[in-house]
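Asker: any chance you can model this:
(4 chains)
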Number of protein chains: 2
Amino acid sequence: MDIQRIKYFLALAEQLHYWKTAEKVSITQSALSRQIQSLENELGLQLFERNKRNVKLTPAGKFLKEKWEIELNELEYIHQFAKQLHLGERGTMTIAHPDSISASLMPDMLAKITQALPQLQIKLVQVLYENQLDFLKNYKIDLAITRDINNEPGIRAKKIYSDHLALVVPLEHSFKVFEDLSAESLKKQKFILPTKDEGSSYSEIIQALFKFYDFAPDVFLHSEFGSTIIALVRKGLGIAILPDSYMHHQSPGLRFIPLPFKTDLWINWRADDHNPVLANILKLVFEE
Amino acid sequence: MDIQRIKYFLALAEQLHYWKTAEKVSITQSALSRQIQSLENELGLQLFERNKRNVKLTPAGKFLKEKWEIELNELEYIHQFAKQLHLGERGTMTIAHPDSISASLMPDMLAKITQALPQLQIKLVQVLYENQLDFLKNYKIDLAITRDINNEPGIRAKKIYSDHLALVVPLEHSFKVFEDLSAESLKKQKFILPTKDEGSSYSEIIQALFKFYDFAPDVFLHSEFGSTIIALVRKGLGIAILPDSYMHHQSPGLRFIPLPFKTDLWINWRADDHNPVLANILKLVFEE
DNA sequence: ATTTATTAATGCATATTTTGCATTAATGGA
DNA sequence: TCCATTAATGCAAAATATGCATTAATAAAT
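Answerer: Sure thing, here's the model as predicted:
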């Protein structure tokens, strides 16, 4: 059964006149007549009561006119929706990102995405460092923004940003600028640092930093959560080293002292993910 | 867009394998391949991600599979419903009938109809004598069961039953059998009769009856409603003449004395009503 | 009653679409 | 490296849809 036929039928059911209808749907009266006949045949029922003079819907025809109009609209709506899925204008993206950029890079990025693709649904999640690539591979997330380089097969990644690391101290602390730092003064400090994780390039950078000053820090607490670390520093329990993206969080009572060490942000996705939504988002993220 | 194409798509979306699917839907792999391609073309989107080895649904394809399955079921259901309308197995019939047969002929007739056409919806109404044919012509009712012969153009009618008239008296009344009646004894009675209506063949029969006994009855009340008449007779307010169909109503305290006069029941319908439901009902009513 | 205008159906030739057969090209696994 | 599997494609045949011209029926006008 051809949808076109149903459209012919609906047009005729509206006009109840073969010639006028034929013109309206841009075929000849002859073709229309035969289309209606073959539709009736196919359905095994009569749609119109007609003599050589008048055309009138049968009860079944009247019913079908009503119902098919609704169905065809439904089908059209479904088609349009599918088209948006195809163009990557609609769909769902689940993105994992580190807490550090939730007040800087993420809002910028999301603003850009929602403006370009307003129909898109985005889910933001935070995933523990060790789960990131696993979740990506198992379709639990579609994009992972990490501070770690990966060399997994099947995962592609690209650098999107570089942060400076910064020493975070309470406002009343004696460290004011970078020049106040020295091996001796640093040795006396208590540090609050991210969990030291084998293979995490982020924690390797922090290790490199201490190597630069050539001493082992007195770490009194480890946490993977930046907001926890910041709260502890503000209470004077110690000082911390964080990406300076955290400066964008509203954190009164703290001073960020930029350090000459950088940490990179990478965006990771499945190499075989051909979802057009992904392509659109990557294009947005990398353009300009 | 051909529905058949959508069915091919759904089969392939299920199997994800051209050869197997082609066999299942009884066409060649070549034809299937091209049907899918032309469907994709027509929709302007990709349904499957495929290389020479694997077939996989795109997000849009997955969405369409889900939605189209539902729609096609819906369309099939609509088709079946329309077919029942066509066969006259489904639909609505509005039938007007006189009160007199609501405990005899109507229950029998309705039992027969609902057994043969269980999906049918029947509306029973009672319509004043003078409105019957008008309502029929104006599509307010589809069938009118009357005691009157009509000769309206555009209305067809057929006799379905003949009733005897009966004299209705209270149990304690002196009239017991037909032989008790005479012009003299009848003259003394008070009568409750149907509204005397010009052109109503029913009231003409009653007139004929009084002519037979050659006297004018003392009519103290007219009513078109049999149940009203019966209630009044039971209270001893007078005696009445009614079709003996009323014997089937549960009416204790009354005696029906059959009279040698008959009244016919006619069934009337629009000559140009081609509703298959009507044809079915007429067939049921007249068969046997 | 007869004529005329209107209108749906139909015969036939043409154009378009679909199908099947055979073959090709790509790819994963042995 | 070779083989088996599998989706795509060229081509001819079959099926289907379309347009033109004509026919048959009928309601309205005369």
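Asker: pretty sure A:Phe191 is touching A:Pro217, no?
Answerer: Yes - look at A:Phe191 against A:Pro217 with C-beta atoms under 8 Å: they come within range, at 4.4 Å. C-beta here means a position set from N, CA and C on the backbone, and glycine is covered the same way.
Asker: report the beta-bridge partners for the most centrally placed residue in chain A.
Answerer: Note on chain A: the residue nearest the mean C-alpha position is A:Met93, at 3.4 Å, using C-alpha atoms, centre = their mean. Taking DSSP bridges, one finds A:Ile122 as the beta-bridge partners of A:Met93.
Asker: which residues touch it?
Answerer: A:120-123, A:142-143, A:277-278, A:281 (C-beta atoms under 8 Å, 6 or more residues apart in numbering or on different chains).
Asker: from DNA strand C, how far out is it?
Answerer: To DNA strand C, A:Met93 is 26 Å away according to C-beta to the nearest atom of the strand, to the nearest Å.
Asker: tell me the mean pLDDT over the top helix by length along chain A?
Answerer: For chain A, the longest helix by residue count, based on DSSP state H, is helix A:59-87. For helix A:59-87, the mean pLDDT works out to 93.
Asker: check stretch A:259-267 too.
Answerer: On average, stretch A:259-267 scores 90.
Asker: relative to the whole chain's centre, how far out is that stretch?
Answerer: 23 Å (C-alpha atoms, centre = their mean, to the nearest Å).
Asker: can you point out the buried residues in it?
Answerer: A:259, A:261, A:263-267 (16 or more other C-beta atoms under 10 Å in any protein chain shown).
Asker: tell me which of those residues is nearest to DNA strand D?
Answerer: The shortest gap between DNA strand D and any of the buried residues of stretch A:259-267 belongs to A:Ile267, at 31.4 Å (C-beta to the nearest atom of the strand).
Asker: picking that back up, check which helices and strands the longest helix of chain A sits against.
Answerer: Packing contacts for helix A:59-87, counted by 3 or more C-beta pairs under 8 Å, 6 or more residues apart in numbering or on different chains; DSSP states H and E, involve helix A:3-15, helix A:276-286, helix B:29-43, helix B:59-87.
Asker: which other residues reach the very next helix or strand once past the third one?
Answerer: Read that as helix B:29-43. Using DSSP states H and E, the helix or strand that follows helix B:29-43 towards the C-terminus is strand B:48-50. Under the contact criterion C-beta under 8 Å, 6+ apart, strand B:48-50 has outside partners A:274, B:12-13, B:36, B:55-58, B:61.
Asker: again, only this time at 10 Å
Answerer: A:272, A:274-275, B:9, B:12-13, B:16, B:18, B:33, B:36-37, B:40, B:54-61 (C-beta atoms under 10 Å, 6 or more residues apart in numbering or on different chains).
Asker: so which of those would count as near DNA strand D as well?
Answerer: Contacts with DNA strand D within those, counted by C-beta under 7 Å from any atom of the strand: B:18, B:33, B:36-37, B:55.
Asker: just give me the closest of these to DNA strand C.
Answerer: Of these, the one sitting nearest to DNA strand C (C-beta to the nearest atom of the strand) turns out to be B:Ser33, at 8.4 Å.
Asker: residues near the residue lying closest to the closest one once chain neighbours are set aside, how many?
Answerer: Excluding its sequence neighbours, the residue lying closest to B:Ser33 (C-beta to C-beta, 6 or more residues apart in numbering or on different chains) is B:Tyr18, at 6.1 Å. Applying other C-beta atoms under 10 Å in any protein chain shown, we find 18 residues neighbouring B:Tyr18.
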